[in-house]
Structures are given as structure tokens and as C-alpha cells.
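J.: Kindly return the folded structure for what I paste below:
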Amino acid sequence: MAACSRQGKRAKVILSNVTNVYSNLALEHWILNNWKFSKFDCLLVYRNEPCVVVGRFQNTWREVNVSRAKRQGVSIARRVSGGGTVYHDLGNVNFSFFTDKPSHCPAKNLHFLSRTLNDRYQLTVDPNKRHDLFIGDKKISGSASRIIRTVSRLLKLYFTRQFVLVTKLSRKFPVLAEMGRKRKKTNIIDATEIKKVSKTFARGEGPDLKSIQDKKLKRELIVKEKLNAQAIRSAAFNQLLLPEERGCLEADEGERTLKFKQTDIVKHVDVGSARKHFSLNLPHHGPYRCAYSRNGRKLLIGGAKGHVATFDWQTGQLGCEFHAKETIRDVVWLHNRDYIAVAQKKYAYIYDGQGTELHRLKNHINPVHLDYLPYHWLLVSTGATGFLKYHDVSIGKLVVELKTRLGQPHSMTHNPWNAVVHLGHSNGTVTMWSPSMKEPLVKMLCHHGPVTALAVDPTGRHMVTCGLDKQMKVWDVRTYKESLAYYSHRPGSNLAISQTGLLAAAFGGQVWKDAFKTKQKAPYMSHLVEGAVIEGLDFANFEDVLGLGHSKGFTSLLIPGAGEANYDALELNPFESKRQKQESEVKMLLNKIQPELITLDQGHIHQMKEEVEEKPLDSLEHKELILKFKMKGKNSAKRRFHRREKHIHDEKRQKVRAALEKAKKEKEGIPEEPRTILDRFKYKEA
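T.: Model prediction:
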């Protein structure tokens with residue numbers, strides 16, 4: 001490292017001897033986020049071995065032939081700045097300028113480089129308005145920049161405002177002739193690889209369509225073959241484009257993964273994964289409830305004594321933090337990371353991303369549990385009054401409130417597959433509810449005491465319950481029968497299921513693997529928080545992370561194999577930008593499902609209703625009444641017939657009498673006054 005002065009500010013020059021692209025980009029990123037450039041500027045110079053560097057917002061599969069790069073041993077990396085995709089090798093020199101915003105001037109940086117090249121190597125390098133360098137009509141350098149606001153990485157959620165800018169210029173001196181050529185568009189995947197993978201999904205040769213003479217059958221077979229070919233191609237693309245597989249802990253012979261501690265895991269994982277394990281020491285506001293956003297990026301914590309905070313748990317950037325000054329029983333995210341719902345002592349409240357109170361839901365009195373149905377935009381609450389309430393947050397109206405008639409529920413969750421709400425009650429029963437029905441869809445007796453915790457797996461096939469009888473049971477929702485039962489040394493207060501089917505229980509911080517298939521002898525992992533009671537559990541989507549909310553604060557655990565390795569960016573995108581978040585919100589609102597469609601069996605919605613022919617009354621055949629003479633008595637057929645006839649004649653007599661009285665009054669000219677309930681208070685004339 002060398003130091004020099006430039007325009008009144010000192011400057012540091014760093015020459016990297018490392019040629020690994022990942023190390024150099026990591027160094028560049030670390031300098032950008034950790035150094036302050038108010039008193040000095042910095043210049044980083046480095047070279048890389050053969051590699052392809054992709055811009056921040058580019059699609060790697062569209063820009064790079066990944067399979068060919070792997071065969072040739074060319075590394076692929078992504079930088080933090082924008083710009084296009086470039087190729088680096090040892091004949092390529094990279095310059096990174098670091099400065100603060102007041103001192104930022106790209107033209108001066110380019111002038112400094114061009115003057116140095118012209119004086120040292122007797123070249124005629126000229127910059128242009130787009131901050132590129134040319135020798136004649138040949139482009140030898142491009143540039144990309146990034147302006148960020150620095151954020152403190154302390155877990156105390158303290159941040160400062162300081163603007164930092166990084167500009168990166170790339171040079172390829174030995175291959176100047178190739179820089180003027182236009183870049184050829186590469187295919188995402190080679191056609192030969194698609195054919196190879198497609199053979200594994202093929203079902204043999206199709207029928208000989210030329211020999212079929214029936215036109216209708218031939219047309220149906222053609223359509224069927226097209227659909228089969230499309231399915232095979234989609235399966236091949238899925239296997240090639242989603243190469244990531246989830247990992248897990250594997251113990252050697254004679255060892256058990258249950259004995260692995262978090263400190264041992266942190267020592268043997270990479271730096272990025274090790275940073276995901278942390279603890280927040282907040283002993284004065286607990287116990288805490290926790291919830292991750294649907295894309296796994298944001299974390300929401302709420303202490304029972306009023307403390308609420310949201311932040312990006314990977315970078316430490318604070319979203320909001322406030323004190324409600326009253327008891328908090330539950331917290332939940334709404335449709336995106338800018339809105340949260342909090343169950344406080346008397347009502348449920350909705351806050352925005354800055355901690356500003358937006359709504360006080362007066363209809364949700366004394367809420368105890370909150371849940372959110374993302375595809376229906378429904379906030380669900382239940383409280384001490386025993387009512388289950390559905391609130392549409394898109395229009396701000398209460399949809400329906402259902403009386404459970406079973407007192408205050410001890411637990412609540414919803415089935416991700418069909419959005420049916422599950423409630424656990426004090427008499428050991430679990431009820432399933434839909435907003436279109438006043439009575440529960442299903443009522444199951446699960447425990448001999450109160451049901452303290454509920455969870456449903458993402459496929460909607462298995463339900464896990466915990467009770468005060470110290471049992472954890474697995475139920476098959478399709479048959480409503482008990483599949484497996486586990487016994488614990490203490491009742492479980494909370495349950496959580498990951499995207500890959502790992503089951504986390506609050507007693508002892510245990511995590512079970514394959515708990516739905518066969519009965520496991522021991523947990524997969526365990527973590528004990530000494531002197532604390534675990535109150536909240538939640539898995540982070542697309543991350544191998546489990547959040548524990550307890551009486552001492554919050555702890556983030558590394559659970560290998562918990563998160564889904566591949567994500568669908570059109571459904572949930574962990575790296576979505578502000579524009580993508582706005583677009584996804586509009587799409588979700590347009591695709592909103594009405595509450596009336598929440599049913600146990602989602603398959604009957606698309607079925608056609610059978611029409612029943614309604615015959616007119618005139619066409620109905622009137623059967624003659626045949627009197628059966630049996631034993632004498634009051635209930636004989638004859639007596640029943642006469643009683644019916646008597647009632648009919650009495651009704652006719654009353655109608656005739658009323659008509660005669662009305663005609664008599666009209667003839668005498670007596671007006672008919674309407675009678676009301678207040679007529680009894682009128683004075684009677686003598």
C-alpha cells in the first residue's frame with residue numbers, strides 16, 4: 001500500500017498480488033463498505049485469471065455460455081457495480097477508484113488514466129462522454145459505477161448517512177483488435193445438452209400418425225404428443241437451469257448430528273454463512289416473537305413488553321424500531337416488507353416500514369394470535385373473546401367474524417395449500433375454518449389437554465400438533481388420522497416447518513428431519529438457550545437459518561438443508577429491487593383470490609356443476625290419496641286427513657270474514673287507520 005496526495009486529499013494506492021477474481025471482488029466490496037473516504041481517496045489495482053464478470057443487474061444465463069465456461073475452466077463472478085459482462089485475464093488490468101460524493105468526478109479519473117498511459121507508453125488514448133477510453137476507433141476500456149449509502153453493521157441497528165462511490169475501469173492491452181468486434185449472443189443452454197437430458201425423460205417412441213385414418217383420433221394424438229414434448233422440454237430445462245441442491249449435515253460413523261454445536265458449524269462454513277449466526281441480547285423486553293418476510297430477507301421481532309423492530313438481518317440495515325408502551329402478543333408481516341401487523345393489548349394495529357401507525361383495527365378486540373393469507377390479502381386474528389375474524393387489508397374492511405364457541409384458542413396457523421385456518425383449543429380439539437362457513441369444516445380431537453402449538457407443512461398434507469400432555473403428534477390431513485407420535489420432557493409452545501420439511505419444536509430448540517415419513521429416534525439438531533424460554537420460531541425462506549425468539553432476545557441458528565436451494569423470481573425474489581417489489585404487489589393484487597374460494601378440497605372449484613332439470617308444477621303427476629284402513633286410533637290415516645281438511649277450511653273462513661268486514665267498512669265510509677305499537681298510549685274518548 002502506498003500513500004500520496006491528490007487535490008488536497010490524501011490517497012491510498014493498493015496493488016493486489018492475488019489473481020483470484022472472487023478474492024479481488026471481495027476486497028473491493030469490503031473496502032467500499034468499511035472505509036470512510038471523507039479524508040482520503042483510494043485506488044485499487046488488480047488482475048484476474050481467466051474469468052467472466054457479470055454486471056449487478058444482468059442475467060448470467062443470458063450473457064454467458066455457462067457450460068462452455070465450465071469446460072474451459074473459466075470462473076464466473078458478479079460485481080456490485082452495474083454495466084455489462086466483461087472477460088478478464090492476466091492481460092487485463094482493473095482500476096477501482098473509491099471516493100466520497102463531493103470529490104467524485106469521472107472525467108478527472110479518466111484524464112488521470114489517459115495522461116498516464118500517453119506519457120508512459122506513448123499511446124494516444126482519448127476519453128469520450130460515456131467515460132470510455134479509445135485508441136483511434138478501438139475501444140480499450142469501459143466503466144461502471146455504484147453509489148451507495150454506508151450502513152453500520154452493528155446489530156444495535158445504528159446507521160450513518162455517508163455517500164461512497166466506486167468506479168471500475170477494465171483494460172485488455174494484448175487483445176486490442178478484438179475489442180472493436182461486436183459481442184455475439186450466446187444461447188442459454190447448448191442444444192446438445194438439452195437433447196441428452198430430454199432422453200432421460202422420454203417415454204419411448206410415439207404412435208405412427210401416418211397410419212391412422214380416423215381424423216378425430218389423429219388430431220387428438222397430435223395434440224397429446226405436442227403436450228408430451230413440451231413437458232419433456234420443460235423438465236430438461238428445469239434440471240439444467242436449477243442445478244443447486246440442498247445440503248445437510250452428515251455425521252461420520254459413530255457420531256450423531258445432534259451433537260454438533262453452532263460454534264462447530266460456524267468454524268467450518270464460509271464467511272458469508274458464518275455471519276448468519278448471531279444473537280441479540282435484549283433481556284428487558286422479552287420474550288420475543290419473530291417472523292421472517294416471505295422472501296426471507298427481512299426480520300420482524302416483537303417483545304412482550306412493547307419493543308418492535310424490523311431490519312435486514314443479512315446486512316443489519318434497520319427498517320424501523322419503536323416501543324408500543326403496552327403488551328404485544330403477536331407480530332406478522334403483511335403483503336410486503338413495508339407493512340406489519342401487531343397484536344397489542346386491546347386492539348390490532350398496522351404499521352408501515354418507518355414505524356408509523358397507519359390503522360387501528362377496532363374490530364379485532366384483545367387479539368392473541370395473528371396470521372396472514374398472502375394470496376387472499378386477509379389478516380386473520382383470534383383473541384380472548386373466542387371470535388375468529390377475517391380482515392381484507394386491500395380494501396380495509398372486515399370480511400366476516402366467526403364465533404368458535406370454544407373459548408380463547410391456544411394456537412393458530414393456516415394451511416399453505418388451501419388457506420384453511422387451523423385453531424387449537426383448550427379441550428384438546430383442532431378445528432378448521434373457512435370464511436364462507438359459520439361452523440368448522442373439521443373438528444378433531446388431538447390431545448387430552450390444551451393444544452399449545454400447530455404447524456402445517458408446505459404441501460398441506462401433514463399437520464403437527466403439541467399439547468400440554470407432552471406429546472407431539474403428526475396427522476395426515478387427507479385422512480384426519482394420526483401418523484406418528486413423539487414424546488417430550490416438556491410441552492411445546494411453538495412449532496415451525498421449513499420449505500424442505502424440517503420440523504422445529506420449541507422444547508429444547510430441537511429440529512427434526514424426515515419427521516413425517518418415519519418415526520425418528522433422535523432429533524436432527526438441537527440448540528439450548530440457557531436460562532431462557534423459547535417463545536417464537538420461524539424459518540427463513542431460501543436460507544438455512546432458523547430464528548429463535550426467547551426471553552433473553554433473539555438468536556439466529558444455522559440449520560443446513562432448511563431452505564430451498566432454487567427460487568422462482570416470479571413468485572418470491574430474495575434479491576428484488578424497489579421496482580420489482582412494486583410490480584409484484586400489483587400482480588398479487590390483480591391475482592387476488594376471493595375469500596369464498598377457501599375450501600378443504602381445491603379440486604372441486606374447477607368442476608362443472610351438474611344441472612338438474614326442473615319440471616313445472618303443471619307437469620307433475622298428482623297421485624290420488626289412497627286411504628288405508630288400519631286399526632282405530634288418533635293417528636289413523638282417516639283422522640289425519642280430516643284434521644288437514646279442517647285446518648284448510650278454517651283458513652278459508654278467516655279470509656272470507658276479513659274480506660266481508662273490509663267491504664262493510666268501505667260501504668259505511670269509515671277510514672281504516674293503521675295501528676302501531678304506540679296506540680296503547682292514546683287517550684280514549686268518553
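J.: List the contacts of residue 136.
T.: Applying C-beta atoms under 8 Å, 6 or more residues apart in numbering to residue 136 gives the contacts residue 124. The way it works is simple: take the backbone N, C-alpha and C, and place the C-beta from them, glycine included.
J.: And it, how far from residue 123?
T.: 10 Å (C-beta to C-beta, to the nearest Å).
J.: Mind giving me the packing neighbours of the longest strand along the chain?
T.: The residue-count maximum for a strand in the chain (DSSP state E) belongs to strand 138-149. When contacts are defined as 3 or more C-beta pairs under 8 Å, 6 or more residues apart in numbering; DSSP states H and E, strand 138-149 packs onto helix 21-34, helix 106-121, strand 133-135, strand 163-172.
J.: which residues make contact with the longest one from outside it?
T.: The one in question is helix 106-121. So helix 106-121 is contacted by 95, 97, 123-127, 131, 133, 141, 143, 145, 167, 169 (C-beta under 8 Å, 6+ apart).
J.: Could you check how far it is from the centre of its chain?
T.: Taking C-alpha atoms, centre = their mean, to the nearest Å, one finds helix 106-121 lying 49 Å from the centre of the chain it belongs to.
J.: Buried ones in that helix, by neighbour count?
T.: 106, 109-110, 113-114, 117 (16 or more other C-beta atoms under 10 Å).
J.: so where does residue 358 fall, helix or strand?
T.: Using DSSP states H and E, residue 358 sits within strand 357-365.
J.: Can you give the strand pairings for that strand, parallel or anti for each?
T.: strand 347-352 (antiparallel) (DSSP bridges).
J.: on that earlier part again, as PDB, could you dump the C-alpha coordinates of the strand holding residue 358?
T.: Only the C-alpha atoms of strand 357-365 are listed here, as PDB (Å, rounded to 0.1, in the frame of the first residue of the first chain):
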ATOM      1  CA  GLU A 357     -49.200   3.800  12.900                       C
ATOM      2  CA  LEU A 358     -51.500   3.600   9.900                       C
ATOM      3  CA  HIS A 359     -54.600   1.800  11.200                       C
ATOM      4  CA  ARG A 360     -56.100   0.700  14.500                       C
ATOM      5  CA  LEU A 361     -58.400  -2.200  13.900                       C
ATOM      6  CA  LYS A 362     -61.100  -1.700  16.500                       C
ATOM      7  CA  ASN A 363     -63.000  -4.800  15.400                       C
ATOM      8  CA  HIS A 364     -60.100  -7.000  16.500                       C
ATOM      9  CA  ILE A 365     -60.500  -6.800  20.300                       C
END
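J.: what about the residue nearest to residue 484 when sequence neighbours are not counted, which SS state?
T.: What sits nearest to residue 484 in space, not counting adjacent residues and going by C-beta to C-beta, 6 or more residues apart in numbering, is residue 474, at 4.3 Å. State at residue 474, reduced to three classes by DSSP: H, G, I helix; E, B strand; the rest coil: strand.
J.: for residue 474, what are its contacts?
T.: Residue 474 neighbours (C-beta under 8 Å, 6+ apart): 462-464, 482-486, 515-516.
J.: Buried ones only from those residues, please, as a ChimeraX command.
T.: The buried residues among the contacts of residue 474 can be selected in ChimeraX (16+ other C-beta under 10 Å) with this line:
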select :462,463,464,483,484,486,515,516
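J.: can you redo the contacts of residue 474 as TSV with pLDDT, secondary structure and distance to residue 452?
T.: Shown next, in TSV, are these (pLDDT from 0 to 100; DSSP: H, G, I helix; E, B strand; the rest coil; distance: C-beta to C-beta, whole Å):
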residue	pLDDT	secondary structure	distance to residue 452
462	95	strand	18
463	96	strand	14
464	96	strand	12
482	94	strand	17
483	93	strand	19
484	94	strand	18
485	94	strand	15
486	92	strand	14
515	91	coil	18
516	91	coil	20
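J.: Report the contact partners of the residue nearest the centre of the chain.
T.: Most central in the chain under C-alpha atoms, centre = their mean is residue 294, positioned 2.1 Å from the mean C-alpha point. By C-beta under 8 Å, 6+ apart, residue 294 lies in contact with 333, 374, 541, 572.
J.: ok, these vs residue 400, which is closest?
T.: residue 374 (18.7 Å; C-beta to C-beta).
J.: Any stretches of the stretch 1-150 of the chain with poor pLDDT?
T.: Applying pLDDT under 70 to the stretch 1-150 of the chain picks out residues 1-8, 148-150.
J.: Also the chain?
T.: Using pLDDT under 70, the flagged stretches of the chain are 1-8, 148-191, 240-245, 604-636, 644, 647-649, 670-686.
J.: ok, the residue nearest to residue 553 when sequence neighbours are not counted to residue 337 distance?
T.: Using C-beta to C-beta, 6+ apart and skipping residues adjacent in sequence, the residue nearest residue 553 is residue 282, 3.7 Å away. According to C-beta to C-beta, residue 282 stands 21 Å off from residue 337.
J.: How about residue 212?
T.: 57 Å.
J.: Look at those two and report which has more neighbours.
T.: Neighbour totals were compared for residue 212 and residue 337, and residue 337 leads with 19 against 14 (other C-beta atoms under 10 Å).
J.: Surely the more buried one is within a helix?
T.: No - counting by three-state DSSP, residue 337 is not part of a helix but coil.
J.: what's the closest of the helices and strands packed on strand 138-149 to residue 394?
T.: Per C-beta to C-beta, nearest to residue 394 of the helices and strands packed on strand 138-149: strand 163-172, 37.0 Å.
J.: Buried residues in the lengthiest helix in the chain, which are they?
T.: Longest helix in the chain by number of residues (criterion: DSSP state H): helix 637-668. Of the residues in helix 637-668, none has enough neighbours to count as buried (16+ other C-beta under 10 Å).
J.: Does anything pack onto it? Which helices or strands?
T.: Secondary elements touching helix 637-668 (3+ C-beta pairs under 8 Å, 6+ apart): none.
J.: Measure how far that helix is from the centre of its chain, please.
T.: For helix 637-668 - counting by C-alpha atoms, centre = their mean - the centre lies 69 Å from the chain centre.
J.: Could you do stretch 357-376 as well?
T.: The chain centroid and the centroid of stretch 357-376 are separated by 18 Å under C-alpha atoms, centre = their mean.
J.: same question, stretch 481-495
T.: On C-alpha atoms, centre = their mean, the centre of stretch 481-495 falls 26 Å from the chain's centre.
J.: Using PDB, write out the CA atom coordinates for it.
T.: Written as PDB, here are the backbone C-alpha positions of stretch 481-495 (Å, rounded to 0.1, in the frame of the first residue of the first chain):
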ATOM      1  CA  LYS A 481     -55.700 -39.800  11.200                       C
ATOM      2  CA  GLU A 482     -52.700 -39.800  13.500                       C
ATOM      3  CA  SER A 483     -49.500 -40.900  11.600                       C
ATOM      4  CA  LEU A 484     -46.700 -40.600  14.300                       C
ATOM      5  CA  ALA A 485     -46.400 -39.500  17.900                       C
ATOM      6  CA  TYR A 486     -43.300 -38.200  19.800                       C
ATOM      7  CA  TYR A 487     -42.900 -37.600  23.500                       C
ATOM      8  CA  SER A 488     -41.000 -34.700  25.000                       C
ATOM      9  CA  HIS A 489     -39.900 -33.800  28.500                       C
ATOM     10  CA  ARG A 490     -41.800 -30.500  28.400                       C
ATOM     11  CA  PRO A 491     -44.800 -29.100  26.500                       C
ATOM     12  CA  GLY A 492     -44.000 -27.400  23.200                       C
ATOM     13  CA  SER A 493     -45.000 -23.700  22.900                       C
ATOM     14  CA  ASN A 494     -44.300 -23.300  19.200                       C
ATOM     15  CA  LEU A 495     -43.700 -25.200  16.000                       C
END
